[in-house]
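Visitor: Below are the sequence and a predicted model for it; my questions follow.
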Amino acid sequence: MSQSKSPRRWSAIAPSVLLLAGLLGMVAANSGLRHMFAQAVATIDPLAVLAILPVQFVAILLCTAAQQALNVGIPFRSSLIARLVRDAAHSLLLFPPGLGDVVGARAVVLLGGRGRAAVALRALDILAEVIAELPFMALAAYVLYHWGHWGDHSGMQGAAPGAASSGASPWWGLLAVPPLAYAGWRIWRGSAHHRRFIQTRTGRRLRAEIHLMRRELARQRTGLPLAIILHFFAWSMAGVQVWIAAHMFGLNLSLFAAFAIESAATAARMILFFVPGGLVMQEAGAVLAGAAMGVAAPQALALSLILRLRELAFGLSLLMWPVLEYRARRRGDAVEG
């Protein structure tokens, strides 16, 4: 049985592994990008990482409050632990993409959440996060559009040859992905293949989960809007972190520019969610937005790497997951005994 399941597991993550390997291979094969990466690493000040950790913890508290607004059924302290585990898994468990959210839902259940409803609540929390990120995505799109059409490209000094000439056109291609995906989904929904799929076991289970999520959504008339507002302020903390790190680097970066760089980096990671960890994509978004703000490519890349180091620091929270599993098993054994 285990031998038959193993190939299926590998086939599920193989596309993500190959995609990530291809992206990293392209970066490694480009001498200009390697040089830019080396310059970025040399720019990083370890004290900048320590300086932004308290700000990130405030953002996590706001995200926890947003989760509590959805009435997950556990105390704030337990919800904070679940959020820390979810964020750590999202940052460190790259394969398959989306595993962090599964781990987050599992942590809620282990801490006393409402069983299957935790999955629906996790989905609603993701929805609130995405909606809260839309203004920042719009800011990044505006900055890159303005730079691509009217700005100079002197900020791309130190980037790979030909990067400046590409402008912001790839960014607009990324922004076209969600509406195209929605149109494709609408077409598929009206097809015979969709009608056959919903009759399968997987299709019936998916329909049940969607029904559960809709029921939770109808119940969250005040909780969801509050969660969106809290997530908006949590997202804004990331721009503050970039601003703090930049000043510790000696960069005279405005708060608006910091928000633009962070927004572009995060938006690229969210839109291309199928890229494990948003590796390379987040960095590319930061470099493009940095160029639009007049920041040299190595310095903009260093700011993105600072955010990566921040994730690694909070990634230690993932160690709480096996502890939660162990405690839940002990409670189960005690009940059976």
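Guide: Perfect, I can see it now.
Visitor: Pretty sure Phe37 sits against Asn30.
Guide: No. If you go by C-beta atoms under 8 Å, Phe37 and Asn30 don't touch, sitting 9.7 Å apart. From N, CA and C alone the C-beta is placed, and that goes for glycine too.
Visitor: and the two? which has more neighbours close in?
Guide: Using other C-beta atoms under 10 Å as the criterion, Phe37 and Asn30 rank with Phe37 on top: 18 against 14.
Visitor: residues touching the closest residue to that one other than its chain neighbours, list them.
Guide: Leaving aside its chain neighbours, Phe37 sits nearest to Leu301 (6.8 Å; criterion: C-beta to C-beta, 6 or more residues apart in numbering). Neighbour list for Leu301: 36-37, 39-40, 283, 286-287, 290 [criterion: C-beta atoms under 8 Å, 6 or more residues apart in numbering].
Visitor: at 6 Å instead, please
Guide: Taking C-beta atoms under 6 Å, 6 or more residues apart in numbering, we find Leu301 in contact with 40, 283, 287.
Visitor: in the helix or strand containing Phe259, what's buried?
Guide: Element membership of Phe259, judged by DSSP states H and E, is helix 255-271. Neighbour-count burial for helix 255-271, with 16 or more other C-beta atoms under 10 Å as criterion, is recorded at 257-271.
Visitor: contacting residues around that helix?
Guide: 136-137, 139-140, 143, 174, 177, 238-239, 242-243, 278, 281-282, 285-286, 289-290, 293, 304.
Visitor: and those residues, which are buried?
Guide: 136-137, 139-140, 143, 174, 238-239, 242-243, 278, 281-282, 285-286, 289-290, 293, 304.
Visitor: residue ranges with poor pLDDT in the stretch 1-150 of the chain?
Guide: 1-12, 116-117, 148-150 (pLDDT under 70).
Visitor: go with 90
Guide: Scanning the stretch 1-150 of the chain with the threshold set as pLDDT under 90 gives 1-24, 26-28, 33, 45, 70-74, 93-102, 104-105, 112-124, 126-127, 140-150.
Visitor: Give the full set of residues in contact with Ile228.
Guide: 128, 131-132.
Visitor: Relative to Gln68, how far out is it?
Guide: Taking C-beta to C-beta, to the nearest Å as the measure, Ile228 falls 14 Å from Gln68.
Visitor: just Leu47 next, same as before
Guide: For Leu47 relative to Gln68 (C-beta to C-beta), the value is 33 Å.
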